[in-house]
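Peer 1: Predicted coordinates and the sequence they were generated for:
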Amino acid sequence: MHFADRESGQPPHFESTGVFVSQTSAIKTGEAATVAERLATLGIEIPPAQPPIANFAAFKQEGNILYLSGQGPSEKDGSQHYGKVGGDVSVEDAYKHARLTGLNLLAVMQDALGDLDRIKHVVKILGMVNAAPDFTRHPAVINGCSDLFIEVFGEAGIHARSAVGLGSLPNNITVEIEAIVALKD
């Protein structure tokens, strides 16, 4: 099996961390660059954090680990993206929804920590796709969030991940993603 970067068509390089990394998705940043500086360079504005939709906390910190509850593809005005990926929602649109969900996770991190530079690295994300029964491209969808984290955090954004398809998600949203991040001492 051959792997190719979806943007450049070139094979990805294999990092010592055990993951394939897109040659075009990770930005090159100096050690002195802050997360806020990277966000500004990328033209990314973190939206306000959305309140939980039920009886749970948006995050919970235990020691130097921050657990983030699942977030969905909510726009700044609270509207969401709905539908079945592989049915009435394309992979390309669902990728954008996963990226938006990643922005919403960043918003929760910002609320929890006050400063995204407190993040040592992203440990793991769990991406859930509201998928049509015969849909098989779950990883391509959740790459929207993974690519964003690598762009924002650089090598510290490389994470373990699961990307799964489900028969439904709350309110028929297209994707839901939860995350675990390690914090600096």
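Peer 2: That came through fine. Numbers count the residues shown, from 1 in each chain.
Peer 1: Checking my notes, residue 162 in a strand, right?
Peer 2: Yes: the assignment for residue 162, made by DSSP: H, G, I helix; E, B strand; the rest coil, places it in a strand.
Peer 1: number of nearby residues for it?
Peer 2: Here the number of neighbours of residue 162 (other C-beta atoms under 10 Å) works out to 13. Using the backbone N, CA and C atoms, a C-beta is placed for each residue, glycine as well.
Peer 1: Could you pull up phi and psi at residue 76?
Peer 2: Main-chain torsions, residue 76, degrees, to the nearest 10: phi -60, psi -30.
Peer 1: quick one: the helices in this protein?
Peer 2: 35-42, 91-113, 138-153 (DSSP state H).
Peer 1: Excluding covalently adjacent residues, which one is nearest to the residue positioned nearest the centre of the chain?
Peer 2: Centroid check for the chain by C-alpha atoms, centre = their mean gives residue 145 as the closest residue, at 2.5 Å. Spatial nearest neighbour of residue 145, chain neighbours left out: residue 102 (3.7 Å); criterion: C-beta to C-beta, 6 or more residues apart in numbering.
Peer 1: That neighbour: neighbour count?
Peer 2: Quick note: residue 102 (other C-beta under 10 Å) scores 28 neighbours.
Peer 1: returning to that earlier point: just so I know, which of the helices of the chain lies nearest residue 54?
Peer 2: Taking C-beta to C-beta, helix 91-113 is the member of those nearest to residue 54, at 15.2 Å.
Peer 1: Now do the closest one against helix 138-153, angle only.
Peer 2: 40 degrees (axes from the mean of the first three to the mean of the last three C-alpha atoms, to 10 degrees).
Peer 1: can you tell me which of the helices of the chain the model trusts least?
Peer 2: For the helices of the chain, mean pLDDT drops lowest on helix 35-42, to a mean of 94.
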